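In: can you look at this prediction? I've put the sequence above it.
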Number of protein chains: 2
Amino acid sequence: MSRALKELDDIEAIFAALAHAARRHILVVLNARGGRVSAGDIAARFEHSWPTTSRHLKVLLEAGLVSVERQGREWIYVLNAARLRSVTAGWLSWFEAKEEKHVEAGHRLRAV
Amino acid sequence: MSRALKELDDIEAIFAALAHAARRHILVVLNARGGRVSAGDIAARFEHSWPTTSRHLKVLLEAGLVSVERQGREWIYVLNAARLRSVTAGWLSWFEAKEEKHVEAGHRLRAV
């Protein structure tokens, strides 16, 4: 797959994942708790039934916004905040204000 | 409505609007054409039938991402890029990298 097609796929998966309030909430909670939360803690934190929460986690996993690892007897969900930031920022950069672009260019010049 | 509830409503409406590739495409095209495009030009630009495009435009209107104005005999769709930027950036700011925060703080200090 070309790089451009891969980017389009990433944008599609991530904006679809962000469309549901429950999934945005899971991401915010994961982030607030340092980016790593056990399945048990996620289940306890959310009012939804586990099958519902699990379905949302599956969408986040497929979008690459979280991963899951075994740690002893527990499954730990791990936030991929870098991917969330880079893919959303990539698409939103189309809409940067012209003034902001000048300010950023100024920062870059000073940083050189 | 409290300010916090208004922000949640904005986030919900805008991420729901961004979930569909056709709506993201309309926003990018509006932006590329200077933020103002007639209904006729939008209809000509997209392969979808006008009822389908019109339904997507309605979602964008309801989310406040575009507005529509009469100009002579035409309807002009107007992009609200500032709202797109501010609402998405507001939610995504939860996920800022700590290093980036330091860099920004450095910029602010130098700017004082």
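Out: Everything's here; your move. Numbers count the residues shown, from 1 in each chain, chains lettered A, B, ... in the order given.
In: any idea how far the residue of chain A found nearest chain B is from residue B:65?
Out: Closest approach between chain A and chain B, counting by CB to the nearest CB: residue A:19, at 3.5 Å. In short, each C-beta sits where N, CA and C put it, glycine included. Distance of residue A:19 to residue B:65, computed by CB to CB, to the nearest Å: 14 Å.
In: can you get me a residue count around residue A:58?
Out: 12 (other CB atoms under 10 Å in any protein chain shown).
In: I should have written residue A:76 there, sorry.
Out: Other residues close to residue A:76 by other CB under 10 Å number 17.
In: quick one: the strands in chain A?
Out: Secondary structure of chain A (DSSP state E): strands at A:36-38, A:66-71, A:74-79.
In: format those as TSV; extra columns: distance to residue B:38 and mean pLDDT.
Out: Output for the strands of chain A, formatted as TSV (distance: least, CB to CB, whole Å; pLDDT from 0 to 100):
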stretch	distance to residue B:38	mean pLDDT
strand A:36-38	49	97
strand A:66-71	43	97
strand A:74-79	43	97
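In: adding distance to residue A:24, write those out as JSON lines.
Out: Shown next, in JSON lines, are the strands of chain A (distance: least, CB to CB, whole Å):
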{"stretch": "strand A:36-38", "distance to residue A:24": "15"}
{"stretch": "strand A:66-71", "distance to residue A:24": "13"}
{"stretch": "strand A:74-79", "distance to residue A:24": "12"}
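In: how many residues are close by the closest residue to the residue of chain A closest to chain B other than its chain neighbours?
Out: Distance criterion CB to CB, 6 or more residues apart in numbering or on different chains; nearest residue to residue A:19, sequence neighbours excluded, is residue B:19 at 3.5 Å. Using other CB under 10 Å as the criterion, residue B:19 is surrounded by 17 other residues.
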